[in-house]
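Starting from these lines, generate the structure:
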Amino acid sequence: MTKICIADSLPVVTKGLQAYFQGNSKFEVTSVAKNLESLLSELNSKKINILLLDVELNGLSSIRDIKSLLKDFPETKIVLFTSVSEQMYAPTAIKAGVSAYISKNSELKEVENTLSRVVDGSVVFSDVVKKSIELLSKGKKSERLFKKLSTREIEVLRYLNDGKKNKEVAQILGLDEKTISTYKLRLLAKLGVTNLVDLLKKAKDLDVI
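Residues are numbered from 1 along each chain as shown. Purely as a prediction, here's the structure:
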């Protein structure tokens, strides 16, 4: 029996997945975490085969936290189950060692099928993700812009797009407010714009966010 931990801040998601997998002959949801603190407690106290993780889990501030989980709990395979843009996280997630990336728009049966493939040793990403990665590696210069942005720059861009101020972004990422200002200036330069409105518009046009 494959033991699953669901890490999601939304009770409707965790309860829905628990209900779906109840009585399943292959998978058993043995633990649920609503934030990073409770997730670490579960990982340290139980044997978990697959972690079904939302990148927007409370307390999870960046892809670096996911890399730390992969390093500290190598026996647990991480499957990202999220509504966050695939273009934003998938390439970095693949590089980090995540086993699969599933959109929350997916049918539950597709989630189950993906988990089965992960158990069998596959690394699973949607066709959309594969096409995005191909585009990033083979596309035109403007289409490869994503590759020029660091993981941290993309994270800052994501929070700015959510309407957060520099101070709020700094608190979330555990950085100095001046550092966020520096990242914003770099983003403006790399995307060739002069203000935040145009920055976010161009980022959306290029499918970066």
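
Can you dump the C-alpha atoms of stretch 63-72 in CSV for me?
Listed next in CSV are the C-alpha coordinates belonging to stretch 63-72 (Å, rounded to 0.1, in the frame of the first residue of the first chain):
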residue,chain,number,x,y,z
ILE,A,63,10.8,26.5,-4.6
ARG,A,64,13.9,26.4,-2.3
ASP,A,65,11.6,25.0,0.4
ILE,A,66,10.6,22.2,-2.0
LYS,A,67,14.3,21.5,-2.7
SER,A,68,14.9,21.2,1.0
LEU,A,69,12.1,18.7,1.4
LEU,A,70,13.5,16.6,-1.5
LYS,A,71,17.0,16.7,0.2
ASP,A,72,15.8,16.0,3.7
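
So what touches that stretch?
36, 43, 51, 53, 55, 60, 76, 78, 80, 89, 92-93, 96-98, 151, 155 (C-beta atoms under 8 Å, 6 or more residues apart in numbering). (C-beta placed from N, C-alpha, C; glycine too.)

Would you mark the buried spots in it?
By neighbour count on 16 or more other C-beta atoms under 10 Å, the buried set for stretch 63-72 is 63-67, 69-70.

how near is F125 to P74?
20 Å (C-beta to C-beta, to the nearest Å).

That should have said N49, apologies.
For N49 relative to P74 (C-beta to C-beta), the value is 12 Å.

more neighbours, these two?
The residue with more neighbours, out of N49 and P74, is N49; 18 against 9, by other C-beta atoms under 10 Å.

Need the per-residue pLDDT for the more buried one.
At N49, the pLDDT value in this model is 97.

can you start the count at 44 instead of 1 from here on
New numbering, starting at 44: the last item is N92.

Count residues in the vicinity of L151, would you?
12.

Tell me which helix or strand comes right after the helix or strand of the chain with the lowest mean pLDDT.
Ranking every helix and strand in the chain by mean pLDDT, DSSP states H and E puts helix 188-191 at the bottom, with a mean of 60. Next helix or strand after helix 188-191 toward the C-terminus (DSSP states H and E): helix 194-204.

And V98, how close does it get to N87?
Distance of V98 to N87, computed by C-beta to C-beta: 21 Å.

So which of these two has more stuff around it?
With neighbours defined as other C-beta under 10 Å, V98 and N87 compare such that V98 has more, 22 against 9.

Which parts of the chain belong to which domain?
Domain assignment for the chain, taken from automatic domain parsing, gives 45-176, 185-248.

buried residues in the longest helix anywhere in the chain?
Using DSSP state H to assign secondary structure, the helix with the most residues in the chain is helix 220-234. Neighbour counts over helix 220-234 (16+ other C-beta under 10 Å) mark 223, 226-227, 229-231, 234 as buried.

Show me what it is packed up against.
Helices and strands touching helix 220-234, as assessed by 3 or more C-beta pairs under 8 Å, 6 or more residues apart in numbering; DSSP states H and E, comprise helix 188-191, helix 194-204, helix 209-216, helix 239-248.

Kind regards, and thank you for your time.
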